[in-house]
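K.L.:
give the three-dimensional model of this entry:
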Amino acid sequence: MVSNRCKMAVKEELKKLGLHFIVVDLGEVEIMEDITEDQRKRMKIGLLNSGLELMDDKKSVLIEKIKHVIIEMVHHSDEVIKINFSDFLSEKLNHDYTYMSNLFSEVQGTTIEQYIISHKIERIKELIIYGELNITEIAWKMNYSSVAHLSNQFKKVTGLSPSHFKQLKEKRRSPIEEIGVSIGSNN
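P.N.:
Take a look at the predicted model:
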């Protein structure tokens, strides 16, 4: 459960079952009543119909929390973390990083580091497309030690340099004033 839409869907399912919630948060729901096995089954079906899944085990919940923290940091925060990301994740989720890393790799088939890099590259693409920041500003915002480090990682993942990616983006669109100009000049 990462978005407000997900939280709303969970709240709706709880209301349908006549359950009263205290907290509906990332991967966690606290309800006032004891839930029956029938209510649990109906909740599971209702959530599946909404594209969500009832997670019964703490490991799945932890993995979702790890993903949520990474997505929040990469895509929704302007805060630049000054400590090592592994320390940040451990502090934020109150778990040993090695345990979280091993669990994440085992279940997701990729490392936390690769997951972070994938999200950072997608965010960098977005920032390049917006065109509001230059590559130096993007490198600083995304907590890279240098433009060269960002460029190398970007190229390793996408096969393109950031500047080549930007050129491709610019070639996809033509200014309105230029559309049809070459056709009209050939007449």
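
K.L.:
helices of this protein, start to end?
P.N.:
4-16, 37-49, 58-75, 85-93, 97-108, 112-130, 135-141, 147-158, 162-172, 181-185 (DSSP state H).

K.L.:
lowest average pLDDT across those?
P.N.:
Least confident of the helices of the chain, judged by mean pLDDT, is helix 181-185 with a mean of 47.

K.L.:
would JSON lines of the helices of the chain with distance to Glu28 be doable?
P.N.:
Where you see a C-beta, it was placed from the backbone N, CA and C, and this is true even at glycine. Formatted as JSON lines, these follow (distance: least, CB to CB, whole Å):
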{"stretch": "helix 4-16", "distance to Glu28": "10"}
{"stretch": "helix 37-49", "distance to Glu28": "14"}
{"stretch": "helix 58-75", "distance to Glu28": "7"}
{"stretch": "helix 85-93", "distance to Glu28": "12"}
{"stretch": "helix 97-108", "distance to Glu28": "17"}
{"stretch": "helix 112-130", "distance to Glu28": "21"}
{"stretch": "helix 135-141", "distance to Glu28": "31"}
{"stretch": "helix 147-158", "distance to Glu28": "33"}
{"stretch": "helix 162-172", "distance to Glu28": "38"}
{"stretch": "helix 181-185", "distance to Glu28": "58"}
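
K.L.:
can I get those in CSV with mean neighbour count?
P.N.:
Shown next, in CSV, are the helices of the chain (neighbours: other CB atoms under 10 Å):
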stretch, mean neighbour count
helix 4-16, 15
helix 37-49, 14
helix 58-75, 17
helix 85-93, 15
helix 97-108, 15
helix 112-130, 17
helix 135-141, 16
helix 147-158, 16
helix 162-172, 13
helix 181-185, 8
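
K.L.:
mind checking which of those is nearest Asp25?
P.N.:
For the helices of the chain, proximity to Asp25 was assessed by CB to CB; helix 4-16 is nearest, at 7.6 Å.

K.L.:
other SSEs contacting that closest one?
P.N.:
strand 21-25, strand 28-31, helix 37-49 (3 or more CB pairs under 8 Å, 6 or more residues apart in numbering; DSSP states H and E).

K.L.:
got CSV for the ones you listed, with distance to His68 too?
P.N.:
Putting those into CSV (distance: least, CB to CB, whole Å) gives the following:
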stretch, distance to His68
strand 21-25, 10
strand 28-31, 11
helix 37-49, 17
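
K.L.:
of all those, which one comes closest to Ser105?
P.N.:
Closest among these, using CB to CB: strand 28-31, at 23.5 Å.

K.L.:
any idea of the mean pLDDT for that closest one?
P.N.:
On average, strand 28-31 scores 78.
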